[in-house]
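> pasted the sequence and its predicted model underneath.
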Amino acid sequence: MAVRLFDRSDSPTLNYSSILFKSRTTVAFILFCVLAVTTYQLRHEVGLLSSAVSFPSLRSSAAAEAATTDARVSSCLEVRGKSGQWVYRNDSGWSYKTPIRVDGAGKADIVFRSQVRGNTAGMTFLPVTSWMWNEDSDCEIHRLKGKDEFCRVVFHRLKVRRLFFVGDSLTYMFLESMWKLLGHTDDPGKQFAPFHRTIDCGNGVGSSNASTSQFLLDVAYVRNDFLTNQTQKKGCPSPELNKDGLCNAWFHEYSNGTSDKTLLIVNTGLHVHGQATFEQVFDDFVDTIEDSHRTNDIIVYRTAVPGHEDCRQFNAPLSNYSQYRPSTKYDWDKVEGYNRYAVERIFNLTNHPYSTNADGETSKMNWMVLDVYPMTVLRPDGHRPPRDCLHYYLPGPPDWWT
């Protein structure tokens, strides 16, 4: 069963056109491999780097062939997540090793497992865990499966030593998804408490980076819905948000915790109400990062994803974008404008071809965008009804962000 997504004629009318972008080939490759982690990408990663970095030990006939396909790969960077289909798989193939047991994210997975175990004919289960994203033709995406390829790209190729997530509850959900897709049987913990773990990437045996010592990748998460550089007591716009733990301090740990190369993954918007407020919040965050002078890091901004009002009425993805109706509930209808501003600002910082930069502003930082908005707004069926029409069950749509 397939649900066709929008093609270009009915795609979102945002003034940005890529899930992952960067004009420099090396940096485009980085996010391309780290956050999409596709078979196609991994086959061609050396070709993408060939114009900027030399990896003699990795040269092969596959890499040589990949060097001739840069144009096609670049095209995929512009359309990934915007052209494809959701395909339904009625089996347990998408389950994690163990279900998530915090925050209700794993309920659908737990129900599904109990029915498979009982093998009771006629019983229904929540099907949200079984939709897979199927990208068109050469832009195929495969969901992340295990840590071997992840470590090979993130740790050994990109030399990243720390993943640092900062943002709202959907950023936490992003972390939950990645953690379970890497094969872990434990959960990240509760979203309001800072998360610090280590991924053991082995010792690199069989690669040019082989060592007698372990390769450890640090993973951190801090809940801060406004990406503020202030402490919790001073950083939130209101005392109510302070009390809820939505503005935990993060910048000191990020900037001073280690000098190692960091992949910083951030998001804001769902607790911001009003375009002017969002622009101020985002500009303050950009200034904070620019002042950090951590020019070796990679800064990934994930676009915000709104909820769907009355989500319990949906039992399958929307067939195309024209069926999506932004809701004024919780100002979800403003999210598109927030995303547009953030992406245009990053375009200007990076001198992207779509830049409208009139001020000559140029960043020395490695800024990127992970645009998950178009593919995710087509999944009103994936939420946790009847009360929660913002967050998703896991496994679910956020697996395809990873």
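Yep, that arrived.
> every contact and neighbour count from this point should use C-alpha atoms.
Noted.
> was I right to think Ser177 contacts Tyr392?
No. Using Cα atoms under 8 Å, Ser177 makes no contact with Tyr392, being 10.5 Å away.
> mind giving me the packing neighbours of the longest strand seen in the chain?
In the chain, assigned by DSSP state E, the strand with the most residues is strand 216-223. When contacts are defined as 3 or more Cα pairs under 8 Å, 6 or more residues apart in numbering; DSSP states H and E, strand 216-223 packs onto strand 162-167, helix 169-181, strand 195-200.
> now the angle between helix 169-181 and that strand, please.
Inter-element angle recorded for strand 216-223 and helix 169-181: 150 degrees (by axes from the mean of the first three to the mean of the last three Cα atoms, to 10 degrees).
> what's strand 216-223 in contact with?
Strand 216-223 is touched from outside by 155, 160-169, 172, 175, 191-202, 245-250, with contacts defined as Cα atoms under 8 Å, 6 or more residues apart in numbering.
> one more time with 6 Å, if that's ok
Residues from elsewhere that reach strand 216-223 (Cα atoms under 6 Å, 6 or more residues apart in numbering): 161-168, 192, 194-201, 246, 248.
> got it, and stretch 171-182?
Counting by Cα under 6 Å, 6+ apart, Lys145, Gly146, Lys147, Pro398, Asp399 sit against stretch 171-182.
> quick one: mean pLDDT for it?
For stretch 171-182, mean pLDDT is 94.
> helix or strand for Pro374, which one?
helix 373-376 (DSSP states H and E).
> er, Arg101 I mean
For Arg101, there is no helix or strand it lies in under DSSP H and E.
> for burial, what's the neighbour tally of it?
Arg101: 14 surrounding residues under other Cα atoms under 10 Å.
> how close does it get to Lys180?
Here the criterion is Cα to Cα, to the nearest Å. By it, Arg101 lies 12 Å from Lys180.
> likewise Gly337?
Distance of Gly337 to Lys180, computed by Cα to Cα: 32 Å.
> hang on, the earlier thing: dump the helices and strands packed on strand 216-223 to JSON lines, plus distance to Asp138 and mean neighbour count.
Listed next are these as JSON lines, based on distance: least, Cα to Cα, whole Å; neighbours: other Cα atoms under 10 Å:
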{"stretch": "strand 162-167", "distance to Asp138": "29", "mean neighbour count": "24"}
{"stretch": "helix 169-181", "distance to Asp138": "24", "mean neighbour count": "23"}
{"stretch": "strand 195-200", "distance to Asp138": "31", "mean neighbour count": "15"}
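> quick one, helices of the stretch 151-300 of the chain?
169-181, 232-235, 239-243, 251-256, 275-292 (DSSP state H, counting those that start in this stretch).
> and these, which is most packed in?
helix 169-181 (a mean of 23; mean count of other Cα atoms under 10 Å).
> can I get that one as CSV, trimmed to CA atoms?
Below are the C-alpha coordinates for helix 169-181, written out as CSV (Å, rounded to 0.1, in the frame of the first residue of the first chain):
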residue,chain,number,x,y,z
SER,A,169,10.4,18.1,23.0
LEU,A,170,10.6,17.1,19.3
THR,A,171,14.3,17.4,19.5
TYR,A,172,14.2,15.0,22.4
MET,A,173,12.0,12.7,20.2
PHE,A,174,14.7,13.0,17.5
LEU,A,175,17.3,11.8,20.0
GLU,A,176,15.0,8.9,21.2
SER,A,177,14.7,7.7,17.6
MET,A,178,18.4,7.9,16.9
TRP,A,179,19.3,6.2,20.1
LYS,A,180,17.0,3.2,19.5
LEU,A,181,17.9,3.0,15.8
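> got the angle between that helix and strand 162-167?
Using the same axes, to 10 degrees: helix 169-181 against strand 162-167 is 140 degrees.
> helix 169-181 to strand 195-200, inter-axis angle?
30 degrees.
> list the contacts of Phe215.
Contacts of Phe215 (Cα under 6 Å, 6+ apart): Cys201, Gly202, Asn203.
> PyMOL command for the buried members of these?
Only the buried entries of these go into this PyMOL selection, using 16 or more other Cα atoms under 10 Å:
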select buried, resi 201+202
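> ok, so of the contacts of Phe215, who is nearest Asp186?
Nearest to Asp186 among the contacts of Phe215, counting by Cα to Cα, is Cys201 at 17.3 Å.
> ramachandran coordinates for Ser319?
Note on Ser319: its backbone torsions stand at phi -80, psi -20 [degrees, to the nearest 10].
> for Asn339, same thing?
Torsion angles, degrees, to the nearest 10, at Asn339: phi -60, psi -40.
> run a quick neighbour tally on the nearest residue to it once chain neighbours are set aside.
Leaving aside its sequence neighbours, Asn339 sits nearest to Thr303 (Cα to Cα, 6 or more residues apart in numbering; 5.7 Å). Thr303 has 24 neighbours, counted by other Cα under 10 Å.
> Thr303 touches Asp371, doesn't it?
Yes. If you go by Cα atoms under 6 Å, Thr303 and Asp371 touch, sitting 5.1 Å apart.
> could you check the pLDDT of the spatially closest residue to Tyr88 that is not a sequence neighbour?
Nearest-residue entry for Tyr88: Trp131, 4.5 Å, with adjacent residues in sequence omitted and distances by Cα to Cα, 6+ apart. If you check Trp131, the pLDDT there is 87.
> quick one: Asp148 from Lys364, how far?
For Asp148 relative to Lys364 (Cα to Cα), the value is 31 Å.
> sorry, wrong one. I was asking about Asp297.
10 Å.
> the more surrounded of the two?
Legend: neighbour count by other Cα under 10 Å for Asp297 and Lys364, higher for Asp297 (18 against 12).
> ok, the more buried one - contacts?
Each residue near Asp297 by Cα under 6 Å, 6+ apart is listed here: Lys261, Thr262, Leu263.
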